[in-house]
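[1] Sharing a model that was predicted from the sequence below.
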Protein chains: 2
Amino acid sequence: MELNERMKTILTAVVHRYITTAEPVSSGIIAQKYNLNLSTATIRHEMYLLEKNDYLWQPHTSSGRIPTDRGYRFYVDNLMVKNYLKEKEKREIIQIYKKSKEFEETMKITSQLLSNLTNNIGVVLAPVIYNNIVKNIQFVSVGNNRILTVIVTDTGLVCQKIISVSGEINTDRLSYLSNFINSKLAEKDINITNLNNILMDELDKIISFQEKFNYIHNFLEECFDIEYSENKVYLDGRINIMKHPEFKEIDKLNYILSLIEEENILANTIRRYLGFRKTKITIGKESKLKEMQNCSLVTSEYSIKGKPVGAIGILGPTRMDYPRMVSIAEYISDKLSEILSEF
Amino acid sequence: MELNERMKTILTAVVHRYITTAEPVSSGIIAQKYNLNLSTATIRHEMYLLEKNDYLWQPHTSSGRIPTDRGYRFYVDNLMVKNYLKEKEKREIIQIYKKSKEFEETMKITSQLLSNLTNNIGVVLAPVIYNNIVKNIQFVSVGNNRILTVIVTDTGLVCQKIISVSGEINTDRLSYLSNFINSKLAEKDINITNLNNILMDELDKIISFQEKFNYIHNFLEECFDIEYSENKVYLDGRINIMKHPEFKEIDKLNYILSLIEEENILANTIRRYLGFRKTKITIGKESKLKEMQNCSLVTSEYSIKGKPVGAIGILGPTRMDYPRMVSIAEYISDKLSEILSEF
DNA sequence: AATTAGCACTCTCATAGGGAGAGTGCTAAA
DNA sequence: TTTAGCACTCTCCCTATGAGAGTGCTAATT
């Protein structure tokens, strides 16, 4: 069924009202607060139709209406108007970012900004390094048979990993190895995902006529499984979720709590959205994850030097101010892209 | 007032009973479950005295008794019997630790173990590096005018920090600098806390007759404020706290939530306990922190090569099984010490 | 002098009933 | 097509009530 203009207006009114009050919205309130010049009876009839088509529902007969996931979806896709941030807010965000010169801190600040601005949970997925072009590799001996491997990618990201090797590794061999690898890197574009394979092939060639040190083999293998390391996630504002009236009682938090506890669930969800669209909204049961059935998630990608590498997200109840969430997510991801590109 | 033996027995019984049921303990239950061969009236009288001396309290007249913070304190100091872990549990812990070969992961596993074994919040304070002797410093150029500084301490800890310098820094100068610093380090014991001052003094001497590069000054200053960097904290089991009946309603969580949200509060609290005693128990209002008034915290130090460097902690409601918490904290901190010393 | 039985008293908790209020669905009139 | 009018439904809050748990106190017992 196609919604007519009046139904769209009423659906919009219900969504807006419910977002601000968290109370079921009655026909009377709509008539009173949103001047549609319609009687409550007429509005009631339209609401009845909206309910029949699964855009609204009632907690019980004789109560007002609440938008369904489908109602929110229709609102988000067809009705909502972008709500740009005020200049003052933008300036404040820029001000806060100025404090930080370091990568880690920038990530932390971003998640804090997200949660503070939205009163929801702020999520930042650290840049994924798969497929980044490797520019340079260096090895630093840090004692006790441990080597710190430092990989610098074309986007300027620095990945570090300490690995233990069996037996003392000679500093000369180490620099020989890094020189060798860096010369190979200079020859062609090698990304982290295939770094290991390509280097192993090359190494096999020279090993036949060079001295044979097996452990370098193992060493390299350990170094370059970085791609399998889990992406770091920055979470902030966990307690915000508990301030929302829909979660007054702890039992109602049930599933959401695992999102708060296990950062990986959120990280994986967001990672899966990467590379499709700048901004993505997932509403309630649209997510297959049972942990997210009562929540909505707004994610927005950020990039380094034009290359999308990660995403930020806002997690809250389905009853969230979508226009504002989207504007905040997009503004912050743009700022973050700028800052990371400058690093 | 000195407690007589019978009062101690009754206090112990009340604590034990309350820890397991979370319900106020009545005189009837004590008479029935703990065979003291006393009538309820007698027990009631003793409980009345215990209440008058602030070891017990009643939520309302005509309800059973609950231990006060003071009651728990007396129990912990004078009545409780250490409850060693079962061999099976010990084996399981060792098994789980075997999975991890990396520092970061070891820390994470430790906090998970703590929370899983105790059903409370597990906290691990990463090793503090202040006053550690500096063994070696290296600089790695990671492009875009950024230098990765790697400091290795005598306990084998590796601190890394990326700093930005103004203008390109010559690789030769960088290695000259690191050679210079490392030669100074070899001459005498220099710890991280005074590293900056000593090096600045030394640098001033040579700078007078060496070429003058101001920016190295600034560069060094930035490098060596590591001591002011905040200690990392690993938290796990945040949602455990919500499973306890005393926190059934969200409002009752009030203060504790800030502990869950702001890791620094906990980190600072634990850090302040460092260096005094292996294990420390803080019960409810004994902590000056308002955030901890409804909680207890059991902390236990761990060390690397005999040198105490950090602590682990268990955070839960004051109604916790103290003997078990202490055994777990001590066992885990010992294991962690072993593992970190081997790295 | 210490302990205990007995009992009145207090407080919680669960249940039910009743009335006010909000909001709906339906119908007939405009 | 819209609306006024009204009966109906459901929630919420208040009150009353009674059972049950547990205490404090007193007088009797050991």
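    The structure has been received and is ready for your questions. Numbering: from 1, shown residues only, chains lettered A, B, ... in the order given.

[2] Could you tell me which residues of chain A lie near chain B?
    Chain A has residues A:101-103, A:135-136, A:138, A:140, A:142-144, A:146, A:148, A:150, A:152, A:156, A:158, A:160, A:162, A:164, A:236-239, A:242, A:247-250, A:253, A:257-258, A:260-261, A:343 near chain B, with proximity defined as C-beta under 8 Å from any C-beta of the partner chain. C-beta: built from backbone N, CA, C; applies to glycine.

[3] change it to 6 Å
    Residues of chain A lying close to chain B (C-beta under 6 Å from any C-beta of the partner chain) are A:138, A:140, A:142-144, A:150, A:152, A:156, A:158, A:238-239, A:242, A:250, A:257, A:261.

[4] What residues does the residue at minimal distance from the centre of chain A make contact with?
    The centre of chain A sits closest to residue A:312, judged by C-alpha atoms, centre = their mean, with a distance of 3.4 Å. By C-beta atoms under 6 Å, 6 or more residues apart in numbering or on different chains, the contact list for residue A:312 reads A:124, A:300, A:332, A:333.

[5] so is residue A:276 in a helix, a strand, or just coil?
    coil (DSSP: H, G, I helix; E, B strand; the rest coil).

[6] before we move on, back to that, out of the residues of chain A next to chain B, the closest to residue A:23 would be?
    Proximity of the residues of chain A next to chain B to residue A:23 (C-beta to C-beta) peaks at residue A:242, which lies at 19.0 Å.

[7] what's the helix or strand for the closest one?
    helix A:240-243 (DSSP states H and E).

[8] how about the CA coordinates for that helix, as CSV?
    Extracted in CSV, the C-alpha atoms of helix A:240-243 (Å, rounded to 0.1, in the frame of the first residue of the first chain):
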residue,chain,number,x,y,z
ASN,A,240,24.2,6.3,28.2
ILE,A,241,22.2,3.4,27.1
MET,A,242,20.9,2.9,30.6
LYS,A,243,19.6,6.4,30.9
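
[9] what's the average pLDDT for that helix?
    Averaged across helix A:240-243, pLDDT comes to 90.

[10] In that helix, which residues are buried?
    By 16 or more other C-beta atoms under 10 Å in any protein chain shown, the buried positions in helix A:240-243 come out as A:240, A:241, A:242.

[11] would you turn those into TSV with distance to residue A:320?
    As requested, those are exported to TSV (distance: C-beta to C-beta, whole Å):
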residue	distance to residue A:320
A:240	11
A:241	11
A:242	15
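
[12] got these as CSV, with distance to DNA strand C columns?
    Formatted as CSV, the buried residues of helix A:240-243 follow (distance: C-beta to the nearest atom of the strand, whole Å):
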residue, distance to DNA strand C
A:240, 27
A:241, 26
A:242, 23
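
[13] For the stretch 1-150 of chain A, what lies in contact range of DNA strand D?
    Proximity of the stretch 1-150 of chain A to DNA strand D (C-beta under 7 Å from any atom of the strand) is limited to residues A:37, A:38, A:39, A:41, A:42, A:45, A:60, A:61, A:62, A:63.

[14] give me the number of residues near residue A:39?
    11 (other C-beta atoms under 10 Å in any protein chain shown).

[15] Just give the nearest non-adjacent residue to it, would you?
    Leaving out its chain neighbours, the residue that sits closest to residue A:39 by C-beta to C-beta, 6 or more residues apart in numbering or on different chains is residue A:31, at 6.8 Å.

[16] Same check on residue A:330?
    In this structure, residue A:330 finds its nearest non-sequential neighbour in residue A:300, 5.3 Å apart by C-beta to C-beta, 6+ apart.

[17] The closest residue to residue A:293 other than its chain neighbours: how many residues sit nearby?
    In this structure, residue A:293 finds its nearest non-sequential neighbour in residue A:285, 5.3 Å apart by C-beta to C-beta, 6+ apart. When counting by other C-beta under 10 Å, one arrives at 15 neighbours for residue A:285.

[18] Need phi/psi at the closest residue to DNA strand C within the stretch 101-250 of chain A.
    Per C-beta to the nearest atom of the strand, residue A:249 is where the stretch 101-250 of chain A lies closest to DNA strand C, at 15.1 Å. Dihedral angles of residue A:249 (phi, psi; degrees, to the nearest 10) stand at phi -100, psi 140.

[19] Domains in chain A, by residue range?
    As given by automatic domain parsing, the domain ranges for chain A are A:5-79, A:87-127+A:231-342, A:134-228.

[20] now, among the buried residues of helix A:240-243, which is nearest to chain B?
    For the buried residues of helix A:240-243, the minimum distance to chain B (C-beta to the nearest C-beta) is 5.4 Å, reached by residue A:242.

[21] any idea how far the residue nearest to that closest one when sequence neighbours are not counted is from residue A:241?
    Spatial nearest neighbour of residue A:242, chain neighbours left out: residue B:250 (5.4 Å); criterion: C-beta to C-beta, 6+ apart. The gap separating residue B:250 from residue A:241 is 10 Å, by C-beta to C-beta, to the nearest Å.

[22] got the contact list for residue A:26?
    residue A:64.

[23] one step back: out of the contacts of residue A:312, what pair is the most spread apart?
    Between any two of the contacts of residue A:312 (C-beta to C-beta), the greatest distance is 10.7 Å, for A:124 and A:300.

[24] So between these two, which is more surrounded?
    Comparing residue A:124 with residue A:300 by other C-beta under 10 Å, the one with more neighbours is residue A:124, at 29 against 26.

[25] The more buried one contacts residue A:109, correct?
    No - taking contacts as C-beta atoms under 6 Å, residue A:124 lies outside contact range of residue A:109: 9.3 Å.

[26] Quick check: which element contains residue A:313?
    strand A:307-317.

[27] Please identify the buried residues of the following helix or strand past that strand?
    Where DSSP H and E defines the elements, the next helix or strand beyond strand A:307-317 is helix A:322-342. In terms of neighbour count (16+ other C-beta under 10 Å), helix A:322-342 has its buried residues at A:322-333, A:335-337, A:339-340.

[28] What residues sit buried inside the strand holding residue A:313?
    A:308, A:309, A:310, A:311, A:312, A:313, A:314, A:315, A:316, A:317.

[29] Looking at strand pairing, list the partners for the third one.
    Per DSSP bridges, the residues bridged to residue A:310 are residue A:302.

[30] can you pull out the strands in chain A?
    With strands called from DSSP state E, chain A shows them at A:56-57, A:66-67, A:121-125, A:134-141, A:146-153, A:158-164, A:233-236, A:279-283, A:295-304, A:307-317.

[31] For the residue in the stretch 51-200 of chain A that DNA strand C sits nearest to, the count of nearby residues, please.
    Relative to DNA strand C, the nearest point of the stretch 51-200 of chain A is residue A:62 (3.8 Å; C-beta to the nearest atom of the strand). When neighbours are counted by other C-beta under 10 Å, residue A:62 registers 7.

[32] Quick check, pLDDT for it.
    Residue A:62 is given a pLDDT of 90.

[33] Please tell me how far residue A:274 sits from residue A:128.
    Per C-beta to C-beta, residue A:274 is found 7 Å from residue A:128.
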